[in-house]
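1. need coordinates for the below:
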Amino acid sequence: SISPTSGSPLGGGVLTITGSALGAKWGSVLVGDEKCNLLTWMDTKITCTIPKNNHGQHSVYVSVAANGYADTTGVDKFTVDFKVTDITPRVGSSLGGTRVRIEGKGFGNCSDVSSIKLGDLMSCDVDECSDTKITCTTKRIGKVITTNNGGKHPQYGLGYVWNPKEITIQPGDSVKWLWTLTTKSKTTGINVHQTDSSSSNEYNGKGFSSGEKKASGGLQETFTAPGTYFFSSDSVFGVDLFMPGKITVVGDAADTVLDLEVNMTDISAFHDLATGASGDAFSQTDCTVVDTFTCATAPTAADKFQFKSATCLTPDVTSLAISSGPKNASVPSWGFEDSELTITGTGFSSTACQNQITIGTAGHQCVVSSATATSLVCNVKGNPGNMEPLESLKNQQITVNVLNQGKAIMNLPNPDMAKFKLYPKIISTNIAEGSWAGGSILTLSGTGLLPRGGKEAVLVIFGEVGSQKSCAIVDVKYDYISCLVPDFLELKGVQTDLEVPISLEMGYKSENPVTASPLTFTYKSSLLATVDTMTPTKVTANTPVTITGTNLGTNIANIQVFAQSRSSVGRRRRSIPQPQEEIVPQPEKMHPFWKQFKTDSNGKPKWRCFGKNLDNGCKHDSVVQHVETETISRSKRSVDHEEWLRQLEKEDDEKVTFEICESGSSEDCAERLESLDDRNMHSRRKRSASEEDLIEMAL
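-> You can find the predicted model right below:
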């Protein structure tokens, strides 16, 4: 007998074989055609590791040393179940996005299913799985075409032409630019950006860009909309030497029949066409599909399951515009939170929930408000609450998917319109005036305030050019930016009040958010608090203290008092000394030029000169004494420089925290402490936001 009598296609586990007269000398065991690696061998029992195997019933063969094969008549066969019995539907969009149900046996929980493929054109991403059913969504497999600067320029030679410079791809494919130049010049380099035409070399400000030119670099861009895209570099060096090119994106011209593959590593599921479908209805959990499309017939191969990528089932978008709330009328794909998009074309569903419109790779919804077979209207929702917010100031792909056809092709007159760029908008501020000494927390509320690049890509500036100060960023979220109002006392002079403009620069290109009106902040002497006396001046724990001054307010909830030792008063200056450097002078080295002359006993060149000492010549040191030479020295750090930098960063964090906790509310202080704790969670325990903790941090 054998135990167990069935197993996974991937094998694993121990097969136990019992019998008689198996001998003491080890032989071999096969499960079907696959070797079962031996663990033990005794006269009445053998154990081995179950090998990988294809679907089916496999005989177990035991070869006994010097006696041939053992008699296995009546022994159960070893069964491997891994088969497909149905796929539905068997047709869908050529761009993917069709939900498919695969029935069969042996899928487990799909943790061992390594891939589901539809030919070489599509994969199928698993949504739900059981041992007998898989629900997945088809996905176009994009190809990556690489171009480099290996082309030959007729005048300047190799390295200054893209190779290839003209590329034809399909929707969903990507182009990767790679370049390398051997140069030490800071003004020589390559970049790549989208242009408006073949005759233009300037970046159009809307499409893809690799940024500033550099000697080596790269960029990869995915193209989903058919059309022609022109690109170029800036001038490589100080002449009109540009590197133009063209990308043509062409949709599928005909249907493609694709073979289904369900794989566990290198083992493919058996196609069992005889068993047939279970008969269970295939319904969508998030929408009742009302409109169905029957323009394509399913493939009917006799020996395998297939899926047809059908062009007639691919919805076609012919126009897309922000019909309400565009940022700029000349660029109708730039908008804000809740901007209204109107999409026209063919192949849509009049049932609103069948039309799914998403923005970006994370799938942020544009919520459909109305739908017909030829028109869709939706509103952008960049901060739904159940996922990370949509980044602003970044071109995000718009995708239209119709259940259960699949993704639409974006056949737009201008392919750039297939992307949406969310712009930040400031709606209100919490304060408009404050003390000359600053220290208040300014909160700018709005939408789309989390740009590409995050907190590090946000700058809030107070004042006019020439007398500007930055507002130290405390936090950046999708709907607000908070910062610490800067101290303007050094600019006060005899002024009582001063209104200064507030400007913001956001994202990698330092773009400005949209505001309903210019942002300003007024510094007022009437809001400048001063402290005149404190009694007593010597205290112990729980000693009542009386402080007198002006503009201290009457609301106890808005007043916080902190005590700090004299030794910490200089907190605003660097308290961590810079690592000392030991300068080790190096012996002066003689330039190789002098070594080509005849030398004296000290290895220095002999010089001929007039006058006395004609025989011995002139001393080399005397001849070159007025020639300046560079003494090379090296720096030897006496302490760990990296640790010093970390300590400086820590001190900066504590400085900002101190200012927030000293001047802001307890809620602001608590948020700051929590933010600081999140960054240092591996090196210190989390601080609670109790009053004692706030005072301790302030000290």
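2. just for this protein, where's the confidence low?
-> 329-330, 564-598, 606-646, 649, 651-699 (pLDDT under 70).
3. which stretch of helix or strand covers residue 218?
-> strand 216-222 (DSSP states H and E).
4. so what strands line up beside the lengthiest strand in the chain?
-> When the chain is parsed with DSSP state E, its longest strand is strand 331-346. Here strand 331-346 has these sheet partners by DSSP bridges: strand 316-328 (antiparallel), strand 375-380 (antiparallel), strand 419-422 (parallel).
5. can I get those in CSV with distance to residue 202 and mean neighbour count?
-> Using the backbone N, CA and C atoms, a C-beta is placed for each residue, glycine as well. Output for the strands paired with strand 331-346, formatted as CSV (distance: least, CB to CB, whole Å; neighbours: other CB atoms under 10 Å):
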stretch, distance to residue 202, mean neighbour count
strand 316-328, 18, 18
strand 375-380, 30, 22
strand 419-422, 19, 24
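6. including distance to residue 534, could those strands go into TSV?
-> Putting the strands paired with strand 331-346 into TSV (distance: least, CB to CB, whole Å) gives the following:
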stretch	distance to residue 534
strand 316-328	54
strand 375-380	55
strand 419-422	51
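7. what's the closest of the ones you listed to residue 149?
-> Residue 149 lies closest, by CB to CB, to one member of those: strand 419-422, at 26.9 Å.
8. mind listing what the nearest residue to residue 202 once chain neighbours are set aside touches?
-> Counting by CB to CB, 6 or more residues apart in numbering, residue 202 lies nearest to residue 195, which is 6.4 Å off, once chain neighbours are set aside. Listed by CB atoms under 8 Å, 6 or more residues apart in numbering, the contact set of residue 195 reads 201-204, 230-232, 244.
9. before we move on, what about residue 225?
-> Neighbours of residue 225 in contact, by CB under 8 Å, 6+ apart: 171, 249, 409-412, 415, 417-418.
10. repeat the analysis, applying 10 Å as the threshold.
-> 171, 249, 251, 317, 320, 397-398, 409-412, 414-419 (CB atoms under 10 Å, 6 or more residues apart in numbering).
11. centre of the chain to stretch 337-353, how far?
-> 28 Å (CA atoms, centre = their mean, to the nearest Å).
12. what's around residue 413, how many residues?
-> 8 (other CB atoms under 10 Å).
13. for it, what are its contacts?
-> Contacts of residue 413 (CB under 10 Å, 6+ apart): 227, 318-319.
14. can you classify it as helix, strand or coil?
-> coil (DSSP: H, G, I helix; E, B strand; the rest coil).
15. from residue 31, how far off is residue 76?
-> 12 Å (CB to CB, to the nearest Å).
16. more neighbours: which of those two?
-> Between residue 76 and residue 31, residue 31 has the larger neighbour count (other CB under 10 Å), namely 23 against 15.
17. would you agree the more buried one is in contact with residue 60?
-> Yes: in this structure, residue 31 is within contact of residue 60 by CB atoms under 10 Å, at 5.7 Å.
18. overlap in contacts, those two.
-> By CB under 10 Å, 6+ apart, the residues touching both residue 31 and residue 60 are 2, 15, 48, 77-78.
19. I'd like to know which of these are buried.
-> Using 16 or more other CB atoms under 10 Å as the burial test, the shared contacts of residue 31 and residue 60 include 2, 15, 48, 77-78 as buried.
20. which residues does residue 500 form beta bridges with?
-> Bridge pairing for residue 500 - DSSP bridges - gives residue 521.
21. quick one, what contacts it?
-> With CB under 10 Å, 6+ apart, residue 500 has these contacts: 461-464, 467-469, 486, 488, 491, 519-523.
22. residue 532: neighbour count?
-> Neighbours of residue 532 (other CB under 10 Å): 8.
23. then the strand or helix carrying it to CSV, C-alphas only?
-> Element membership of residue 532 [criterion: DSSP H and E] is strand 530-535. The C-alpha coordinates for strand 530-535 follow below in CSV (Å, rounded to 0.1, in the frame of the first residue of the first chain):
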residue,chain,number,x,y,z
THR,A,530,6.4,90.6,26.7
VAL,A,531,7.4,89.3,30.2
ASP,A,532,8.7,91.9,32.7
THR,A,533,9.1,90.1,36.0
MET,A,534,8.8,86.7,37.6
THR,A,535,8.5,86.1,41.4
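24. helices or strands up against the next helix or strand after it?
-> Sequence order places strand 546-550 as the next helix or strand after strand 530-535, per DSSP H and E. Where contact means 3 or more CB pairs under 10 Å, 6 or more residues apart in numbering; DSSP states H and E, strand 546-550 is packed against strand 530-535.
25. run through who's touching the strand it packs on.
-> Contacts of strand 530-535 (CB under 10 Å, 6+ apart): 435, 437, 544-552, 561, 563.
26. run the last query once more with 8 Å
-> By CB under 8 Å, 6+ apart, strand 530-535 touches 545-552.
27. on that earlier part again, next, format the buried ones among the shared contacts of residue 31 and residue 60 as TSV and append secondary structure and distance to residue 512.
-> Compiled in TSV, those are given as follows (DSSP: H, G, I helix; E, B strand; the rest coil; distance: CB to CB, whole Å):
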residue	secondary structure	distance to residue 512
2	strand	75
15	strand	70
48	strand	71
77	coil	74
78	strand	70
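28. report the two of the residues you listed separated the most.
-> 48 and 77 (16.1 Å).
29. give me the element residue 361 is part of.
-> Judged by DSSP H and E, residue 361 forms part of no helix or strand.
30. from residue 550, how far out is it?
-> From residue 361 to residue 550 the distance is 56 Å (CB to CB).
31. got it, and residue 425?
-> Taking CB to CB, one finds residue 425 at 39 Å from residue 550.
32. more neighbours: those two, which one.
-> residue 425 (20 against 10).
33. list the contacts for the more buried one?
-> Contacts of residue 425 by CB under 8 Å, 6+ apart are 336-337, 446-448, 513-515.
34. done for today, thanks.
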